[in-house]
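1. What follows is a predicted protein model with its sequence.
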Amino acid sequence: MATSGNPLTSKIQFPIETERGTRQVILVVSLQRLSQVVGNVGRIRLFATTAIGLILLVLTALISRRFTRPVTELARAAQRVTAGDLQFQVNASQPNEIGTLSRTFNEMLAGLRRSRDLEEQLQRAERSAVVGRLASG
């Protein structure tokens, strides 16, 4: 293999053995055109990589939102309980750990509602007892 040529082109010769003897294949390449093609391929590769990266970023955001939404809903429910609101239920339809946690959260809410009802009954009974003692006095 031999190379020669001017600075704008490159000439490459390949000897090839055939049935009729040795032949020469000459390949002439324009270095300027080769540089343009390499530059274009580089830009296309950069664009494709950027596009794929953005698509993956959007998909990751959507998937992570899907998985974090139930946890966020449970956090909001805990804030409502902290504020004293016990008259709601969280969605417990998922067949995974979050669904189990949601069902347990709903059971806790039911227990808190029963406790609150018992406290109110106790307070009414105490008020009635106080009124009864005042009346008897």
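-> On my side now, so go ahead. Computed from a prediction, not measured in an experiment: that's the story for all the values here.

2. Now do the helices in this structure.
-> 31-82, 97-136 (DSSP state H).

3. Just give me the lowest mean pLDDT stretch among these.
-> Among the helices of the chain, helix 97-136 carries the lowest mean pLDDT, a mean of 86.

4. which strands and helices sit next to that helix?
-> Where contact means 3 or more C-beta pairs under 8 Å, 6 or more residues apart in numbering; DSSP states H and E, helix 97-136 is packed against helix 31-82. All C-beta spots, glycine's among them, are computed from the backbone N, C-alpha and C.

5. The helix it packs on versus helix 97-136: what angle between them?
-> Following axes from the mean of the first three to the mean of the last three C-alpha atoms, to 10 degrees, one obtains 20 degrees for the angle between helix 31-82 and helix 97-136.

6. mind starting the numbering at 34 from now?
-> Yes, from this point I'll number from 34; that puts the last item at helix 64-115.

7. helices or strands next to helix 64-115 in the packing?
-> Partner elements for helix 64-115 (3+ C-beta pairs under 8 Å, 6+ apart): helix 130-169.

8. and with 10 Å instead?
-> If you count contacts as 3 or more C-beta pairs under 10 Å, 6 or more residues apart in numbering; DSSP states H and E, helix 64-115 packs onto strand 42-51, helix 130-169.

9. coming back round to it: distance to Glu52 and mean neighbour count added to the helices of the chain, as JSON lines?
-> Output for those, formatted as JSON lines (distance: least, C-beta to C-beta, whole Å; neighbours: other C-beta atoms under 10 Å):
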{"stretch": "helix 64-115", "distance to Glu52": "33", "mean neighbour count": "11"}
{"stretch": "helix 130-169", "distance to Glu52": "74", "mean neighbour count": "12"}
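
10. so which of the ones you listed gets nearest Glu50?
-> helix 64-115 (28.0 Å; C-beta to C-beta).

11. Out of the helices of the chain, the one nearest Val58 is which?
-> helix 64-115 (18.1 Å).

12. give the contact list for the residue nearest to Arg149 when sequence neighbours are not counted.
-> With sequence-adjacent residues excluded and distances taken as C-beta to C-beta, 6 or more residues apart in numbering, Arg149 is closest to Leu119, at 6.5 Å. With contacts taken as C-beta atoms under 10 Å, 6 or more residues apart in numbering, Leu119 has the following neighbours: 113, 141-150.
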